[in-house]
Structures are given as structure tokens and as C-alpha cells.
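Chemist: Predicted model, plus sequence, below.
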Amino acid sequence: MNFTKMHGLGNDFVLVCQVQAPSQTEMSTLARKMCDRHLGVGADGLVAVYPSASADVAMRIFNSDGTLAEQCGNAMRCVARYYYERISSEKTEFAIETKVGVQPVWIIEERGKVKQVRVDMGKPVLVPKQIPVLAAGELAVNKVIRANDKTFRFSAVSMGNPHAVIEVNEAEKFPVDVWGPLLESHEIFPQKANIEFVTYHSPQEVTMRVWERGVGQTMACGSGACATVVAGFLSGRCGRKVLVHLPGGDLMVEWDEQDQHVYMTGPAEFVFDGAWLS
Ligand SMILES: N[C@H](CCC[C@H](N)C(=O)O)C(=O)O
């Protein structure tokens with residue numbers, strides 16, 4: 001089986017192109033095998049790309065632990081570039097069907113080469129029960145969570161997948177590998193959660209590290225960057241258009257006031273093509 005390795009700011013994926021929607025069981029097993037960084041190709045996730053009845057192309061994202069995720073911003077940009085360069089370059093604006101809906105994407109070229117991809121990540125989900133998070137009130141903003149006798153304040157947002165955004169003093173130095181796994185599986189997150197540790201520098205700039213549900217610490221998280229801006233705006237810590245600094249690079253995120261959609265813009269890179277022999 002042929003595959004293509006791609007990444008979005010170091011959040012890396014194996015893309016497999018299929019003729020129809022994949023079997024979740026098969027893809028879950030394949031994800032664990034192919035994502036293994038010693039016995040497989042090595043990646044944060046496996047992405048199935050296949051024809052769609054409701055959009056130009058469909059994708060499903062499986063974390064490296066085999067779990068199916070609802071949304072993946074960095075993989076969306078990779079699928080968009082893959083579709084544009086390997087399947088059809090007729091349009092620079094098209095749509096990708098994901099588990100949570102049909103999402104428009106825009107290819108941004110400079111001197112005839114794909115430079116960035118813009119993705120409509122949809123409206124954030126803020127109602128605690130729908131995120132889901134066990135929290136009282138209409139919004140899960142500035143809530144308290146305790147782990148190993150340490151208390152954190154967090155805001156929970158879903159971009160289709162659940163996120164908990166935690167403000168810390170120096171995100172660059174925060175021990176993500178210590179607190180990430182404890183918080184990812186905390187009982188107040190019935191479906192677990194992606195955990196973002198953030199430092200807001202100004203209304204237009206934030207630094208973010210992430211412990212991803214079903215993966216671990218990654219170099220970038222697109223949906224997490226979107227959740228970080230939404231949570232920051234709701235808690236008065238940033239504006240609606242924010243440059244998000246991640247270990248793997250920068251994303252521009254905007255929570256549009258008119259349509260309430262979150263737009264994310266960033267790069268997507270091809271790394272290599274391969275043949276899976278296992
Ligand atoms: N681990 C995530 C899926 C990948 C999200 C991330 N890679 C992104 O770019 O949005 C989850 O289980 O919700």
C-alpha cells in the first residue's frame with residue numbers, strides 16, 4: 001500500500017489514499033502500526049483520504065494510539081495540499097468532508113507554489129455538555145481543575161474535538177510531559193481532552209504547547225491553536241486575530257465576529273512517498 005508522509009508545523013501524518021471510506025477497525029490497527037516511530041513509518045496520526053458525496057474530498061484522522069478523532073487542523077491543511085497537487089488542481093478553493101462536517105479550504109500560492117493553506121475550522125462549541133466537560137454553567141471558562149494536588153485554571157472549547165486551555169507563566173518551559181497525561185484523562189473530560197498550555201503575550205500574540213489526546217506532546221496542534229484563541233478571547237486574554245507560536249512554527253488564527261467561524265492559516269509540507277510492506 002502506497003502512502004505519503006506530510007506535516008503541518010512538525011505535526012506529522014501518514015496519508016493513505018483510498019477508493020472508499022475506510023473500516024474504522026482496520027484503520028485503527030493500521031494507525032498504531034504505521035505511526036510507531038521504531039517499527040513503522042513514524043507519525044502523530046494516520047489520515048485516510050477518499051472520495052466524498054458531499055464535498056470535493058473526504059478525510060478521517062486516526063491518532064497514533066488508533067483512536068478516531070473528530071477534527072485535525074494540521075491534517076486538514078496537509079489533505080488540502082495533497083488534494084490540490086495530487087488529485088485536482090482545478091480550484092484553489094474547495095471543501096473537505098470531515099467527521100464533523102464539510103469544511104472550506106483555500107490554497108494560497110506564491111510564485112506558482114503552495115505557500116499556505118487557510119481552513120474554515122467552523123464554529124467553536126462552548127456548551128459544556130457538548131464539548132464534553134463536566135462543568136457547571138453555560139460556558140466552561142476560567143474553571144478549576146485539580147491533578148496531583150496542583151490546581152490549574154482552564155477554559156474548555158471544542159473545535160469538533162475537545163480542548164482544555166490552561167494559562168501558564170512560561171509555556172516554553174512548562175513540563176508538558178508531566179501534567180499533560182494527567183489532565184488528558186482527567187475524569188471531568190468524559191471523552192478525554194487535548195491540553196494546551198499557553199502564555200498570552202499581547203492581544204495579538206500567544207505561545208502554545210500541547211499534549212494531544214491519543215498522541216502525546218506534539219510540535220503543533222491546529223485545532224488546539226483555534227481553541228486557544230477562542231478561550232483567550234472569552235477570558236479577555238487576547239483578541240479575535242492572533243498569531244499563535246508553536247514549537248513547530250506559527251499559525252494565524254481568526255475567530256470571525258460576523259460568522260463566528262474560526263479560520264486557521266498555515267503551511268503544509270510533503271516529506272516523502274513510500275510503500276507499506278507490513
Ligand atoms: N489528537 C487530536 C486530533 C489531532 C488534532 C491536531 N493534530 C490538530 O492539528 O488539530 C484529538 O484526539 O482530538
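Modeler: Nice, thanks for sending it over.
Chemist: number of nearby residues for the nearest residue to V100 once chain neighbours are set aside?
Modeler: In space, V100 comes closest to G160 once its chain neighbours are excluded; the distance is 3.7 Å by Cβ to Cβ, 6 or more residues apart in numbering. For the C-beta atoms, the positions are set from N, CA and C on the backbone; glycine is no exception. Residues near G160, counting by other Cβ atoms under 10 Å, number 21.
Chemist: Would you mind listing the residues in contact with G160?
Modeler: Going by Cβ atoms under 8 Å, 6 or more residues apart in numbering, G160 touches 70-71, 98-101, 121-122, 125, 223.
Chemist: Check V157 too.
Modeler: 124-126, 131, 140, 163, 165, 226-227, 230-231.
Chemist: how far away is it from the ligand?
Modeler: Remark: distance between V157 and the ligand (Cβ to the nearest ligand atom, to the nearest Å) = 12 Å.
Chemist: if I look at that residue, how far off is A164?
Modeler: 8 Å (Cβ to Cβ, to the nearest Å).
Chemist: Is the residue nearest to V100 in a helix, a strand, or coil?
Modeler: Classification of G160 by DSSP: H, G, I helix; E, B strand; the rest coil places it in coil.
Chemist: Greatest separation within the contacts of V157: which pair is it?
Modeler: A140 and C226 (15.8 Å; Cβ to Cβ).
Chemist: These two - which one has more neighbours?
Modeler: Legend: neighbour count by other Cβ under 10 Å for A140 and C226, higher for C226 (30 against 25).
Chemist: Kindly spell out which helices and strands sit in contact with the helix or strand harbouring the more buried one.
Modeler: Taking DSSP states H and E as the criterion, C226 maps to helix 222-234. Other helices and strands packing on helix 222-234, by 3 or more Cβ pairs under 8 Å, 6 or more residues apart in numbering; DSSP states H and E, are helix 73-82, strand 150-158, strand 162-167, strand 194-202, strand 205-212, strand 241-246, strand 249-255, strand 262-266.
Chemist: neighbours of the closest residue in space to G266 that isn't next to it in sequence, just the number please.
Modeler: Leaving aside its chain neighbours, G266 sits nearest to L251 (4.3 Å; criterion: Cβ to Cβ, 6+ apart). Using other Cβ under 10 Å, L251 has 30 other residues around it.
Chemist: Good, we can wrap up now.
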